Structure formats: C-alpha cells, structure tokens
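Engineer: One predicted model, sequence on top.
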Amino acid sequence: MAPHLGLLTDENRRLADVRRTFVDELQLKPGIFWPFFRPCDVKVLLVADGLDFSEDGFGLSVFVRTLLDMPGGYARFRITLGHIGAASATQMMDGEARIVRRITQLKFDDPDHLAPGMYDEVWLFGIAQSFFDRGTAADGTAYPTNRLADTELRALTEFVNAGGGLFATGDHGALGRFLCAEVPRARNMRLWQSTSAQVADDEVSMTGERRNDTNRIGTSAGSQFDDQSDATPQVVLPRRYERTRGFFRFSFPHPLLCGPKGTIAVMPDHPHEGECIEPPDTGLSLNFGGPLGAEYLNAVGGGPKPTPEVISTSTVLSGTTSDFKDPTEPHSFGGICAYDGHRAGIGRVVTDATWHHFVNINLVGDRSVSGLDPKYWGFLYSVAGQAHLEEIRAYYRNIAVWLARPERIACMNTRIVWRLLWTDRVMEAVLSTTDLRVADVEPRIFLIIGKHARDVLGRFAGQCQSIRLILDLVFYPAFPQLVRELDPWLPDVPRNRRAFDGVPWFDAAPLLDIGFGAALVGLREEFPQPDERIVADISTAGLTEVMSRGGRVGVERAFRSAKSNMDAAGRILDVKPPRRTATRRPPKKKS
C-alpha cells in the first residue's frame, strides 16, 4: 500500500477502493464499459499425467489463473483441463467456474477428447516415465506403458500440421518421457532421458556435479534445496535477434521473452532441471500408422527452412550444493526452445527445461514451512519478488499468444487495434483534435500517435507484440520489400551489398511509429465512431487493407522527410575543397 493511503478518511478510502476495483476489472474485461468490445476466444487444452491443477505445491493453479486473468481484454483463453489418470475434483480445479471442461483418463486418439478444430493449443506437463492400465487404443492394440500410442501420436501430429500450437515440458532425467518423449517436434527440442549412465557426467541428473542446478542463494545462509521457493529467481540469458548490418538497427529477444517491462530475464530456480536443445537432424520423416510427411517442413514461399532455436540459456554456478547434492561445475544449458511452424504453414512448438518454472511451489512458496519463513511466500514475499513473478507470468501469456493459430492471432490483432483506437483513446490523449485525414497529417503527428499507441500496447501486451502487430498489419501488406530489413525474427540472409554498405544509419523505431500512427489515423478516418457492428462484421483482411493504406502514406512521407533531412545535412557538410597553389617547376637545364 502506498504510504499516503494511510492518511485517507474511511469515506475517501472507499472511493479509492472502488476506483481501483474498476480499473482492475476494466483491464481484464473492457466489455463492461464498452459493450461492443469482445475478446477473441483461444481454446486451450492443458494436460498433466502426475502433476495436477490444484493449489498444492506441485499444482499448476497459479499458472492456469494467469491465463484466465489475461489483461488487455483482447484474448480470452477458454481452458479445458485434461489428466491422463483418474484425477480428483480438487486436482482439476473444481472451484474455478471459468474452466470450460475437465477430462480425466484422457486419450488423444479419442475424438471426444481431441479432434480437428477442437483446440487452438495443447500443453503437455509430463512427469511420468510410464503409465499402466490405460485400456485399448483406437487401433485395437493395448496402450503402451512407456509412451503414447501411435494413434495418439498421429492425432497430435495432425493437430500441429493443421496449425495447432504445442507446448511440452518435463523435469530432470526421464521425468516426462511417457507423455512427451515421442511427440513430433517436441521430442527432439528437449532431452527426455539421461545423457550418461554415469551420474557425474549426466547433464540432467538429480545429484551429479554436471546437473542443471539453477538455484540461487536467497534469504537463508548457504545453498539450500528450498531456495527454489524464495523470492530470488535465476537470471537467464535471452537470445537476441538483431538487424544491424543493413539500413536499420534493431535488437529484440524472442517474443516469448519480451514483456510489458522489457526483456524477461528471470525464471524460477530449481536444483535439477531438464535441458532444451536444437535438433541435430531436421530431415526426419513421420510415420504413425502411415506416412505423415517431413517433421520439419520447408518455409512457405521459399527462404531458409524454419528450425527450432534455443531462445534462452540458463547458467549453473560453481559449488552449488542444494543441501545434499554434489557441488556443481559451472556450465550453461538451453532453458527454452521455440519452433516457428507458422513460417512452414503448420503450428508452433515450445519446450521448456522444467515444469518447475510453472508449479506453485516455485512461484508462491512452500506451504510446508512456517508462515514466518520467507520461503512460505515465494515471490510474494517482497516487492522485488512480486515484480519477478509478473515477468514470469508475462512469459506464460506470451507462450499462449504465440502458440495460437494464425487466424486467432489475427483476431487478437484486430481487437488490440480497436482498443487502442476507441477504448484507450490514443489519439485523444495526444491531440487537440481527432478530426484528421491521412492526406492532411504530417509525419511528426503520425510519429506522436504511433509512439503513444505503442506505449499503451506495451503496457498490457509487451513491446515485441507491438512490433509484430505493426509488421503484420502495415509493413507486410504495404512494404514487403522492407520486411527483410525490419523483421528481426526472420532468418538473416545475405543482403544486396550494392544497396547497403553495412552501416546501420537509422533506428527503425521512428519509422515503425510513423507507419503505425498513420495506420491508426486511416482507420479512425474510415471508422470515426465505436460501433458493435464494425467489430463484429469487418474481417481481418478488411482492417488490414485500411491500415496498410494509411500506413503506406505515413511511411512514404517518412522517407521523403528523411531524404530531405539528409540532403540538408549534406548541404551543411558540403565545404568547398581548398584551392590548389601552383608549384613552380624548376627551369630545364640547357644542354
């Protein structure tokens, strides 16, 4: 609580509480104030096989509610909980009314559990190495005990091939092998078994010195196992995606690690994590009861084949013992791996080194210790810890947005644009009049509007999502020739050296801001008043066409402005060379 709130009278405190409640609800449900504003529904299936969704330490309730409480109002995650076993009502969050459905004894080859179009995303949280008594599979054979059946693997493959997103994680060693180790793409984006029979050499062991121990010393002296439950996170190293050798300069983390406060560089810590990797062989084919094509497909429209990338690296400090384990040798390992299947016309895939990045005991504390112990509270114990928790929760939401089908992402983009245009009153906040026509506005005004819009968007959706939205709605349709220079997440390819000399002369942010501002002005000119029919009826293609048309005007003017300024700078620097002085030649000698 802010110190000055203690000085409020009871009546004024009630006023402050009402106001705060309204603002909080407006962030989650903008439709309560603007009835025309409806979020895009994204259908998500979360599956566990030993973990659960309860409030227990190894429950996933904090993670689930993070998705349910999505800020910004542009997306609503319609969550179904699934469990491979016979989970209890408590383990399936029976008290949470927003859960759409709960499925126990789930089977991926049962069309009532998984069918084409039923979900946009499937998340797998595996702990089991084997699972017994699952009955008979759809092909009449008994379900395997050490992995999913071929019929289930085929169903999951077809789901991703049709554009569905997939997330998979386990923990150290072979924990998670049953549920995840044979699932295409995810199977070779992470280690699902030990790397050596010798504990001392095993990267994913539980006790050896080469284990992936990310624990950091927090509130208690020395290296403790339960440091995983304090308010001190591990610091991770996000991969940077850059455009610095062409006309512009750009540097961003992967969208999964780009939050409202900037780069997400923290994760919960744990004494023995798994490990994410980049596949050694991306030329494999799939066959589960019949051929299913290549595992990693070529890019749609040409260009480099998209392959999985380790987008975050975790580090192990020297000498960490975590109570009873061998002192660690310092090293690093892959913490998160991402595959952009959208570039190949299929679904995206994400793997994480451990579900300890998601379970309650690593987020909100260990309830087996005294309430006076800071580790009882986890990240909730301190202001700094709560800030770390918000970064981690932004990572969860980023995954859920990034994994969505392309048409769901396009829908989310439209809702974001309407929110910026009408509910957040972007233009009203920066201009004295909003009766603007694109043809009459100068680049400086476009720049102000675009910067303000990106700032508002970044507060609830993250800076990378704002860049992605601008690229998708303005630059891809209006200036495809610029995309290679502006999209930092595209694979880098050799440039035309005759066009660019390798010096990054400009920061691209003003150009993006101008393009975005002009696109919003064009949209406001086309749709000056909020109307429920507009949100319901206009297609993504129609909105993109209007925005790209306005954005083209702004960007063309921006380039003319840049050229004019460069010409002016050239005239200032155009100093005449000094006059040559004639040198007298010595006379020729007479012969």
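Structural biologist: That came through, no problem.
Engineer: In the stretch 1-150 of the chain, what residue spans correspond to helices?
Structural biologist: Assigned helices in the stretch 1-150 of the chain, in chain order: 10-28, 61-68, 150-161 (criterion: DSSP state H, counting those that start in this stretch).
Engineer: now those as JSON lines including distance to Leu473?
Structural biologist: In this view, the C-beta of every residue, glycine as well, is placed from N, C-alpha and C. Shown next, in JSON lines, are those (distance: least, CB to CB, whole Å):
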{"stretch": "helix 10-28", "distance to Leu473": "23"}
{"stretch": "helix 61-68", "distance to Leu473": "25"}
{"stretch": "helix 150-161", "distance to Leu473": "26"}
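Engineer: do you know which of those lies nearest Ala518?
Structural biologist: Ala518 lies closest to helix 10-28 among these, at 27.8 Å (CB to CB).
Engineer: which residues touch Arg249?
Structural biologist: Neighbouring residues of Arg249 by CB atoms under 8 Å, 6 or more residues apart in numbering: 242-243, 504, 506-508.
Engineer: what's the farthest-apart pair in those?
Structural biologist: Glu242 and Phe506 (14.5 Å).
Engineer: just to revisit the earlier point, make JSON lines out of the helices of the stretch 1-150 of the chain and add mean neighbour count, mean pLDDT and distance to Phe516.
Structural biologist: Formatted as JSON lines, the entries for those read as follows, by neighbours: other CB atoms under 10 Å; pLDDT from 0 to 100; distance: least, CB to CB, whole Å:
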{"stretch": "helix 10-28", "mean neighbour count": "12", "mean pLDDT": "75", "distance to Phe516": "22"}
{"stretch": "helix 61-68", "mean neighbour count": "20", "mean pLDDT": "97", "distance to Phe516": "27"}
{"stretch": "helix 150-161", "mean neighbour count": "21", "mean pLDDT": "96", "distance to Phe516": "32"}
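Engineer: Of those, which is nearest Lys375?
Structural biologist: Nearest to Lys375 among the helices of the stretch 1-150 of the chain is helix 61-68 (15.8 Å), distances taken as CB to CB.
Engineer: Do I have it right that Arg367 meets Ser54?
Structural biologist: No. Counting by CB atoms under 8 Å, Arg367 stays clear of Ser54, with 11.9 Å between them.
Engineer: Name the residue in those two with the higher neighbour count.
Structural biologist: For Arg367 and Ser54, the more surrounded residue by other CB atoms under 10 Å is Ser54, and the numbers stand at 20 against 16.
Engineer: ok, now which ones touch the residue lying closest to the more buried one once chain neighbours are set aside?
Structural biologist: Once flanking residues are discounted, Ser54 sits nearest to Gln91: 4.9 Å by CB to CB, 6 or more residues apart in numbering. Neighbouring residues of Gln91 by CB under 8 Å, 6+ apart: 52-54, 56, 59, 83.
Engineer: Which of those has the largest number of neighbours?
Structural biologist: Phe53 (27 neighbours).
Engineer: got the contact list for that residue?
Structural biologist: Phe53 touches 46, 59-61, 64, 81, 91-93, counting by CB under 8 Å, 6+ apart.
Engineer: What are the buried residues along the helix or strand encompassing Ser332?
Structural biologist: If you go by DSSP states H and E, Ser332 is part of strand 331-339. Across strand 331-339, burial judged by 16 or more other CB atoms under 10 Å covers 333-339.
Engineer: for stretch 189-207, same thing?
Structural biologist: Quick answer for stretch 189-207 (16+ other CB under 10 Å): 189-192, 194, 202-207.
Engineer: quick check, nearest of those residues to Phe252?
Structural biologist: Using CB to CB, the shortest approach to Phe252 within these belongs to Met189, at 21.5 Å.
Engineer: mind checking pLDDT for the closest one?
Structural biologist: Looking at Met189, its pLDDT is 98.
Engineer: wait, doesn't it sit right on Ile277?
Structural biologist: Yes. Met189 lies in contact with Ile277 (CB under 8 Å); the separation is 6.8 Å.
Engineer: so what's in contact with the two at the same time?
Structural biologist: Taking CB under 8 Å, 6+ apart as the criterion, Met189 and Ile277 both touch Cys337.
Engineer: next structured bit after the helix or strand bottoming out on mean pLDDT in the chain?
Structural biologist: Between all helices and strands in the chain, the lowest mean by mean pLDDT, DSSP states H and E belongs to helix 532-537, at a mean of 69. Going down the chain from helix 532-537, the next helix or strand is helix 540-573, by DSSP H and E.
Engineer: From the contact counts, what lies against that next one?
Structural biologist: helix 406-418, helix 443-461, helix 476-478, helix 509-526 (3 or more CB pairs under 8 Å, 6 or more residues apart in numbering; DSSP states H and E).
Engineer: care to break this protein down by domain?
Structural biologist: In the domain annotation for the chain, the residue ranges read 27-197+273-311+334-404, 409-493+501-570 (automatic domain parsing).
Engineer: Can you flag the weakest of those domains by average pLDDT?
Structural biologist: Among the domains of the chain, domain 409-493+501-570 carries the lowest mean pLDDT, a mean of 84.
Engineer: Distance to Pro238 added to the domains of the chain, as TSV?
Structural biologist: Below are the domains of the chain laid out as TSV (distance: least, CB to CB, whole Å):
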stretch	distance to Pro238
domain 27-197+273-311+334-404	7
domain 409-493+501-570	11
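Engineer: Out of the ones you listed, which is closest to Pro260?
Structural biologist: Of all the domains of the chain, domain 409-493+501-570 sits nearest to Pro260, with 5.3 Å by CB to CB.
Engineer: follow-up on the earlier one: check the contacts of Gln91 against Glu390 and report the nearest one.
Structural biologist: Distance to Glu390 across the contacts of Gln91 (CB to CB) is lowest for Gly59, with 20.1 Å.
Engineer: Is the closest one bridged to anything, and to what?
Structural biologist: Beta-bridge pairing for Gly59 (DSSP bridges): Asp52.
Engineer: Tell me which residue lies nearest the centroid of the protein.
Structural biologist: For the chain, Leu256 is the residue whose C-alpha lies nearest the centre (CA atoms, centre = their mean; 2.3 Å).
Engineer: Check whether it really touches Thr351, as I assumed.
Structural biologist: No. Applying CB under 8 Å, one finds Leu256 not in contact with Thr351, separated by 11.3 Å.
Engineer: List the residues that are in contact with both of the two.
Structural biologist: Ile336.
Engineer: What separation do you get for the closest residue to Phe132 other than its chain neighbours and Phe178?
Structural biologist: Spatial nearest neighbour of Phe132, excluding adjacent residues (CB to CB, 6+ apart): Thr145 at 5.3 Å. Between Thr145 and Phe178 the computed distance is 8 Å (CB to CB, to the nearest Å).
Engineer: Settle it for me: which of these two has more neighbours?
Structural biologist: Legend: neighbour count by other CB under 10 Å for Thr145 and Phe178, higher for Phe178 (24 against 13).
Engineer: Surely the more buried one forms part of a helix?
Structural biologist: Yes. Inclusion of Phe178 in a helix is indicated when DSSP: H, G, I helix; E, B strand; the rest coil is applied.
Engineer: How much space separates Lys325 from Leu237?
Structural biologist: From Lys325 to Leu237 the distance is 23 Å (CB to CB).
Engineer: picking up where we left off before, for the residue nearest to Phe132, give me its contacts.
Structural biologist: 130-132, 178.
Engineer: Also Pro255?
Structural biologist: Contact partners of Pro255, counting by CB under 8 Å, 6+ apart, are 398, 402, 462, 464-465, 468, 489.
Engineer: go again using 10 Å as the cut-off
Structural biologist: Neighbouring residues of Pro255 by CB atoms under 10 Å, 6 or more residues apart in numbering: 241, 311, 338, 340, 398-399, 401-402, 462-465, 467-468, 489.
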